[in-house]
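In: sharing a model prediction with you, sequence too.
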Amino acid sequence: MDFRIFGLENPVLSALNHLVEVPEETEKAFNAPTRTYVRDARAMASTPADVKELPSAYEFVIDMPGVKSGEIKVQLEDDSTIVISGERRRDEEKEKDGKYLRMERRLGKFMRKFSLPENANHEAISAVCRDGVLIVTVQKLPPPEPKKPKTIEVKVL
């Protein structure tokens, strides 16, 4: 803040103002995303998924070619978020046989997060990986029964 706008040109106030100012590089450093955030954002962006609503469940379908089922984690966070994560690795034994001329298949960590709707049954979640496709199924809760009106007896006096 520049105190000269109030008509104060005291050298002490000017020195204090200079000490309080934060350099622009420092301010940018505090606003920069963390490495974890950048890594998670890349992992999420490179993991496409389909989400289907069925009459009795929600399905999350993700292609996982070449990923072993032991390398895939499906977790429920805060009773409202499904997190699908893992890592796709290259087979090191096959690398020794020759050199790559082109590497186009994505390797590394992957992750997706999905917020579950209110009617999702957190106790009925299943995951199946078949032919390189992961299907996570979350059953829906049964719809609440409509409240029946309460009949109150009218007394005649």
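Out: Noted; the coordinates are in hand.

In: from here on, just use CA atoms for contacts and neighbour counts.
Out: Fine.

In: which residues of this structure fall in helices?
Out: Assigned helices in the chain, in chain order: 11-20, 24-31, 35-45, 92-95 (criterion: DSSP state H).

In: low-confidence stretches in this structure?
Out: Along the chain, the model assigns pLDDT under 70 to residues 1-33, 35-46, 91-95.

In: now the strands: where do they sit in it?
Out: 49-53, 57-63, 72-77, 81-88, 108-115, 120-130, 133-140 (DSSP state E).

In: if you compare the ones you listed, which one is most tucked away?
Out: Mean neighbour count (mean count of other CA atoms under 10 Å) peaks for strand 133-140 among the strands of the chain, with a mean of 20.

In: please put the alpha-carbon coordinates of that one into PDB.
Out: Taking Å, rounded to 0.1, in the frame of the first residue of the first chain, the C-alpha atoms of strand 133-140 are listed here in PDB:
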ATOM      1  CA  VAL A 133     -12.200 -53.400 -19.600                       C
ATOM      2  CA  LEU A 134     -12.900 -52.600 -16.000                       C
ATOM      3  CA  ILE A 135     -16.500 -52.300 -15.000                       C
ATOM      4  CA  VAL A 136     -17.300 -50.900 -11.500                       C
ATOM      5  CA  THR A 137     -21.000 -51.300 -10.600                       C
ATOM      6  CA  VAL A 138     -22.600 -49.400  -7.800                       C
ATOM      7  CA  GLN A 139     -26.100 -50.500  -7.000                       C
ATOM      8  CA  LYS A 140     -28.900 -48.000  -6.400                       C
END
